[in-house]
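**Student:** next input, structure requested:
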Amino acid sequence: MHTRYTTLLSLSLLAQLAQAQNTSPADSLATTPAAVAPASTLPEPPKDPRDKPSFIPAPVFFYQPETGFALGAAFLPVWRFGRDSTTTRKSNARLIGWYSQKKQTSLQLLHNVFTRDERWLLTGEISYYDYPIFFYGIGNDTKTRDESEISYQLLTFDQRVLKNVVGRWFLGARYRLTDLRNIQVDEPLTNDEGSQRPNLLYDLPARQRENTMVSGLGPSLIHDGRDNILNTYRGHYLELQGLFNTKGLGSDYTFTRYILDARHFEQLGGTNTIWASQLYAQFHNGDVPFRELATLGGANLLRGIYEGRFRGRQLVALQTELRKHLFWRINGAAFVGVGQVANHLDDLRFTEFNVAGGAGLRFQFNRRDRLNIRLDYGVGSGKSSGLYFGVSEAF
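**Tutor:** Below you'll find the model as predicted:
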């Protein structure tokens, strides 16, 4: 069992950096656009001085067994295209980088951009990391004693461009590329009983230990009815997409991925308590390399299970969370989730779900835009547990 330990550098420093973001609850609700946001033909309203962009750096400091101590920074811009808060929600980006005691580097840029009057939605990720992981094999009942350490360098370019078609429905395309290089496999593997066996990655075809390029393109349909995409109080989110990875796009593997992501948010007695739920499913067919299989666990899906602890061609997961304001800028959350992976859809069983749950705290770093920095602790199936640092909510 490997537990991830993560901590913020200083809440007091964050509070000083966030003072410029103070606003009343009424100001926050004023950023909520109308249920339908047609392109406006009227002159723009006067600029609200409280609606200025924010661009505030935050320190990142944590410890994990895989990295040792790590230090970095996060830049979290939030802005709006245009001045009309009734037709255009705020856009945001997250640039996070860190360097570890073991000379490991991670860089990640994520963005969600609404153009003026929400005519277009642009969302995606560009990231790079050189980072060890534990590989437990493939399936829904992998064993802790088979834990194998591997490491690699990974570059990800993932972008969606969607056009508003009606109301808050967006239709467009997604392109995703991953470039996996320099796979290192630790051998031999020594389990808790002291016996040795080859690293589990050697159970897979030799081609999967070589450099791999995966490139795919496909349609994406999104309905985004959330009042605030950083920290939702109410609304719905639905995403349906297909991704076709083919040699014609430069991919070393040919396979298809289908994704369903459905979320629901509602307020329980005002804005102090929020109930949030998510149903997530991922299905594959074709020749899928191990790194592209669906995985349970991590900082966003079933916190408490090590990311990749269970991986397979098919995945179904459901998680729900209660979020409550406690005092000052501090909020709390309690969460629970279930999920399962399988090789074929017919292999999914209601009696074989993995379970994870836990609780955490949020520090409202940017009060005006409801941007939280979170610290969650969870435990889950497979003798897993973890302490997770994140920017904005898990979903």
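
**Student:** for residue 118, phi and psi?
**Tutor:** phi 50, psi 40 (degrees, to the nearest 10).

**Student:** ditto for residue 379
**Tutor:** phi -130, psi 150.

**Student:** that one touches residue 359, doesn't it?
**Tutor:** No: assessed by CB atoms under 8 Å, residue 379 is found out of contact with residue 359, at 10.4 Å. Just so you know, the C-beta spots here come from the backbone N, C-alpha and C atoms, and that holds for glycine as well.

**Student:** quick check: residue 339 is in a strand.
**Tutor:** Yes: counting by DSSP: H, G, I helix; E, B strand; the rest coil, residue 339 falls inside a strand.

**Student:** surely it is in contact with residue 304?
**Tutor:** No: the criterion here is CB under 8 Å, and residue 339 misses it with residue 304 at 10.9 Å.

**Student:** overlap in contacts of those two?
**Tutor:** Taking CB atoms under 8 Å, 6 or more residues apart in numbering as the contact rule, residue 339 and residue 304 both touch residue 356.

**Student:** buried stuff in the lengthiest strand in the chain?
**Tutor:** Counting by DSSP state E, the longest strand found in the chain is strand 148-166. In terms of neighbour count (16 or more other CB atoms under 10 Å), strand 148-166 has its buried residues at 148, 149, 150, 152, 153, 154, 156, 158, 160, 161, 162, 164.

**Student:** ok, now which ones touch the residue nearest to the spatial centre of the chain?
**Tutor:** Taking CA atoms, centre = their mean as the criterion, residue 300 is the residue nearest the geometric centre of the chain, at 5.1 Å. Counting by CB under 8 Å, 6+ apart, residue 300 touches 390, 394, 395.

**Student:** most surrounded residue in those residues?
**Tutor:** residue 394 (21 neighbours; other CB atoms under 10 Å).

**Student:** OK, contacts around residue 155?
**Tutor:** By CB under 8 Å, 6+ apart, the residues touching residue 155 are 127, 128, 177, 178, 179, 181.

**Student:** and these, which is closest to residue 348?
**Tutor:** Nearest to residue 348 out of those is residue 178 (CB to CB; 26.0 Å).

**Student:** number of residues surrounding that closest one?
**Tutor:** Residue 178, neighbours per other CB under 10 Å, totals 20.

**Student:** ditto for residue 283
**Tutor:** Per other CB under 10 Å, the neighbour tally for residue 283 reads 17.

**Student:** residues in contact with the nearest residue to it once chain neighbours are set aside?
**Tutor:** In this structure, residue 283 finds its nearest non-sequential neighbour in residue 258, 4.6 Å apart by CB to CB, 6 or more residues apart in numbering. The contact partners of residue 258, taken as CB under 8 Å, 6+ apart, are 241, 242, 243, 282, 283, 284.

**Student:** and the gap between residue 258 and residue 285?
**Tutor:** Distance, residue 258 to residue 285, using CB to CB, to the nearest Å: 9 Å.

**Student:** residue 149 is in contact with residue 186, isn't it?
**Tutor:** Yes: Residue 149 is within contact range of residue 186, at 4.6 Å (criterion: CB under 8 Å).

**Student:** residues shared between the contacts of these two?
**Tutor:** Common neighbours of residue 149 and residue 186 (criterion: CB under 8 Å, 6+ apart): residue 199.

**Student:** may I ask which helix or strand of the protein has the lowest mean pLDDT?
**Tutor:** helix 25-29 (a mean of 37; mean pLDDT, DSSP states H and E).

**Student:** what comes up buried for the helix or strand just after that one?
**Tutor:** The helix or strand immediately downstream of helix 25-29 is strand 57-64, counting by DSSP states H and E. Neighbour-count burial for strand 57-64 flags 58, 60, 61, 62, 64 (criterion: 16+ other CB under 10 Å).

**Student:** report the beta-bridge partners for the closest residue in space to the second one that isn't next to it in sequence.
**Tutor:** Spatially, and ignoring its direct neighbours in sequence, residue 60 is nearest to residue 72 (4.3 Å; CB to CB, 6+ apart). Following DSSP bridges, residue 72 is listed with bridge partners residue 60, residue 98.

**Student:** residue 72 contacts residue 104, correct?
**Tutor:** No: when contacts are counted by CB under 8 Å, residue 72 is not listed as touching residue 104 (11.0 Å).

**Student:** run me through the strand neighbours of the longest strand of the chain, direction for each.
**Tutor:** strand 120-135 (antiparallel), strand 169-185 (antiparallel).

**Student:** with distance to residue 226 added, can I get these in JSON lines?
**Tutor:** Output for these, formatted as JSON lines (distance: least, CB to CB, whole Å):
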{"stretch": "strand 120-135", "distance to residue 226": "12"}
{"stretch": "strand 169-185", "distance to residue 226": "13"}
